[in-house]
Structures are given as structure tokens and as C-alpha cells.
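With the sequence up front, the predicted model follows.
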Amino acid sequence: MSEYRTDALTGDTVIIAANRASRPLEYASESPSVFADLCGICPFCVGNEDLTPPIIASYQGMEQATDTSDWQLRIVPNLYPAVEPLRNGTPAKMKPDVLFRSTASDGYHEVVIESPRHVVSVSQLGAEEFHRTFIAYRDRLQFHAENGAKYVQVFKNVGAQAGASIQHTHSQIIALPLVPTRIRRTADQFLKHSQEDNVANLDDSTKHDDCLMCSLVHAELEAGTRVVSQSENFVAYCPFASRFPFQVLISPKCHAAHFQSTSSTLLGEVAGLLRNVVIRLEELLNFPSYNYMIHTAPFDCCDDRYYHWHIEVFPRLNHLAGFEFGTDYYINPVAPEDAAAQLKK
């Protein structure tokens, strides 16, 4: 029997309809799209640096390097950016029109090329390579936070179904002069939870200070039915109101608002856990396309005591259709409890 579930982090409603799938693995990929062969010259491979815009930052080991010729990770502007910085440097102004409001798309769009080797997925990166990637994420978040951005989204698309146009493993960073509606709504949920009436409604087993995510993490660890894996300081679990089959959320066990404040040691730990989750997804679901994104506290619109950064990762197994677009209610044919049980194996 299906049921409605509410996502505590966003307030969104999803429909868990496990009866629509005869078995969880029905939604596995039919072919390993992630590891398809690449034809032609790859602009992200070492030796092809002239095929991308000039390097913004280059890394050797775990440190940013001044010598960009011998790179282990490099960051470049996106050749086809979704947003661009205004050329004259003055802030964009909203056109004074009630019905047709618009403004110039100020912002920065960057590509993190995670390895000089032509590999495709996180699972093919070494532990040190992926650790370095997370250090680069942190450094770019710090840079944009100090240079006027209101929010920065770090995300990764792997495979054609997830929106990747180049197979060589890479991530993207978009720095915005405003906070996206969904992020602001989540920040509002964190703040709402902190109000006395909401915290008072939790029993002692699920209450954890005033932070919504801290309460969720504590409850998920207590229940155990949706936990996929964990390390000393982080936990990976299938959210109670998962929007997608085999969606996984990774969160620090202790309260932390900003990803960019995470120590290098903890970045290595969380990178290892995310890589472990991706390997589980690929082995279980025959190398599906997937996305992950890092959600961190907006830089100027919420109280750090309440927001809690986290990572969301999900394979692209089913397609959104008319009902989802018409109602913004997602139908998930795999119960998160079943998904977690499969991934644990």
C-alpha cells in the first residue's frame, strides 16, 4: 500500500508507492551507461588544456599550486556558463515591471576537473584524488563567500541521464548573488523546527538541541532501518521521504552549518563515505547515471545554529512525468527502507 510522506528538511510531500515495482532491482540500469567509450578528443585530459578556458586554480597533492603545468586537479570557467559575472562590476538591477521581472544573470560557473586521468566515476578515483576534490570544493566555497556570493551550489553529474555532456570525471560550481527558493525554504524549515513548540513535540529519543538535521540524524541512527553506512563522524542513509529510488543523504553526526568550515581530515572522511555509497549504487544498479550535490548554509540569511550541511546523492533510474510536473509531488516506487536494505549488502 502506498503512503504520503513529508520531507522534514523541505516540507515537500512525496508518494512512496512500492507496489508500482515488482522488485527493487527492476529499476536498475539496462546497460552501464557511465562507462561507455568516449569518441574524439577529451578537453579535460592532461595535454588538452588549450581546449578549455584558462585555469582558475590548480592543485598538486592537497594544496593549491602556483605551477599549473603539472596539475592533479584543475578548475576552469565553464565554457558554456549558466551565469556570468557582470562585465562592468556593478550589481544587476531588477527591471521595474510587475508582470515580467528580470535581471542580468550575475554569477560564476566553474568546472572542477578531478583527475588528469580519463576516468568517469567517483569509484574510479583513488581515495587521495577524491579527498583532493573535496578540498577544492571547500576552497572555492570560501573564495566565493568572501567575494560577495549569497549561495554556492556544488554538484556533480555522471552519465548522460544525469546531464553530463563530457564523460571525464568533473564537478561543477555555481556561485549566485541570491539564495535559490528551494534552499531558502529548507533554511526556513530548519528555523521553524527550532521554535519551541516544534522541539517540544519531539520525544526525548529524537530531540537533539534545536537543529532539525541533528534530530533527524539521531533518529535515523536509533532506528537503523534506513542507514546504509557510516563512519566515525558521518552517516549515510536513505531519507524517510526519498524523492527518488535509492536516494542517499550524507550528514555530519555533529552539528555543522557550513561545508567550507570542515577540516581537511573530515573532508577526507566524508569523501570516503560518499565514494563508498557510489560504489554500492553502481554494484547494485549496474552503473547508473547519478547526481550528487552539497547543501551548505546560505551565507547571509540563516542562523548557523539551526542549518546543518549535508550531501544528497541519487541514481537516475526513473523519469519524471506529468503528475510530478503538475503537482511537484514525486512518486518513488522503491521504499527507502527497501533501498537501504539492498545497499547495505
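It's in. Just so it is clear, the structure is predicted and the values come from calculations on it, not from any experiment. Numbers count the residues shown, from 1 in each chain.

could you point out where this protein is predicted with low confidence?
1, 19-40, 87-98, 196-209, 301-302 (pLDDT under 70).

one more time with 50
In the predicted model, the chain carries pLDDT under 50 at residues 33-39, 197, 205-206, 208.

counting contacts, what elements does the lengthiest helix in it pack onto?
If each helix of the chain is counted by residues according to DSSP state H, the longest one is helix 264-285. If contacts are counted by 3 or more C-beta pairs under 8 Å, 6 or more residues apart in numbering; DSSP states H and E, helix 264-285 sits against helix 127-146, strand 227-230, strand 234-237, strand 248-252, strand 290-295, strand 310-315, helix 336-344. For glycine as for every other residue, the C-beta is placed from the backbone atoms N, C-alpha and C.

For residue 162, which of these is the nearest?
With C-beta to C-beta as the criterion, residue 162 lies closest to strand 290-295 of those, at 4.8 Å.

contacts for that closest one?
For strand 290-295, the external contacting residues (C-beta atoms under 8 Å, 6 or more residues apart in numbering) are 34, 137, 153-159, 162-163, 183, 186, 259, 274, 278, 281, 309-316.

Next, the buried residues of stretch 140-152.
Buried residues in stretch 140-152, counted by 16 or more other C-beta atoms under 10 Å: 140-141, 143-145, 149-152.

circling back: which of the contacts of strand 290-295 are buried?
For the contacts of strand 290-295, a burial check counting by 16+ other C-beta under 10 Å picks out 34, 137, 153-159, 162, 183, 186, 259, 274, 278, 281, 309-316.

Assign the spatially closest residue to residue 78 that is not a sequence neighbour to helix, strand or coil.
Once flanking residues are discounted, residue 78 sits nearest to residue 109: 4.2 Å by C-beta to C-beta, 6 or more residues apart in numbering. Secondary structure for residue 109, judged by DSSP: H, G, I helix; E, B strand; the rest coil, is strand.

Measure how far the longest helix of the chain is from the centre of its chain, please.
13 Å (C-alpha atoms, centre = their mean, to the nearest Å).

Distance-wise, check residue 120 relative to residue 166.
Counting by C-beta to C-beta, to the nearest Å, the gap from residue 120 to residue 166 is 10 Å.

the more surrounded of those two?
Each of residue 120 and residue 166 has its neighbours counted (other C-beta atoms under 10 Å); residue 120 has more, 22 against 15.

Now do the strands in the stretch 101-250 of the chain.
Here the stretch 101-250 of the chain has its strands, by DSSP state E, counting those that start in this stretch, at 108-113, 151-158, 170-176, 227-230, 234-237, 248-252.

Turn those into TSV, including distance to residue 52.
Compiled in TSV, the strands of the stretch 101-250 of the chain are given as follows (distance: least, C-beta to C-beta, whole Å):
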stretch	distance to residue 52
strand 108-113	8
strand 151-158	17
strand 170-176	10
strand 227-230	35
strand 234-237	33
strand 248-252	30
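
mind checking which of those strands is nearest residue 7?
strand 248-252 (10.3 Å).

What is the closest one packed up against?
Using 3+ C-beta pairs under 8 Å, 6+ apart: strand 248-252 touches helix 212-223, strand 234-237, helix 264-285, strand 310-315.

what does the longest one contact?
Applying C-beta under 8 Å, 6+ apart, the set of residues contacting helix 264-285 from outside is 25, 27-29, 34, 62, 121-123, 125, 127, 130-131, 133-135, 138, 228-234, 236, 246, 248, 250, 252, 262, 288, 290, 292, 311, 313, 315, 317, 342-343, 345.

Produce a PyMOL select command limited to the buried residues of the residues you listed.
In PyMOL, a selection of the buried entries from these looks like this (16+ other C-beta under 10 Å):
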select buried, resi 27+28+29+34+62+121+122+123+125+130+131+133+134+135+138+228+229+230+234+236+246+248+250+252+262+288+290+292+311+313+315+317+342+343
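
Can you show me the helices along the stretch 51-200 of the chain?
Assignment of helices within the stretch 51-200 of the chain using DSSP state H, counting those that start in this stretch yields the ranges 127-146, 181-194, 196-200.

Bridged to residue 171, which residues?
Residue 171 has the following beta-bridge partners by DSSP bridges: residue 112.
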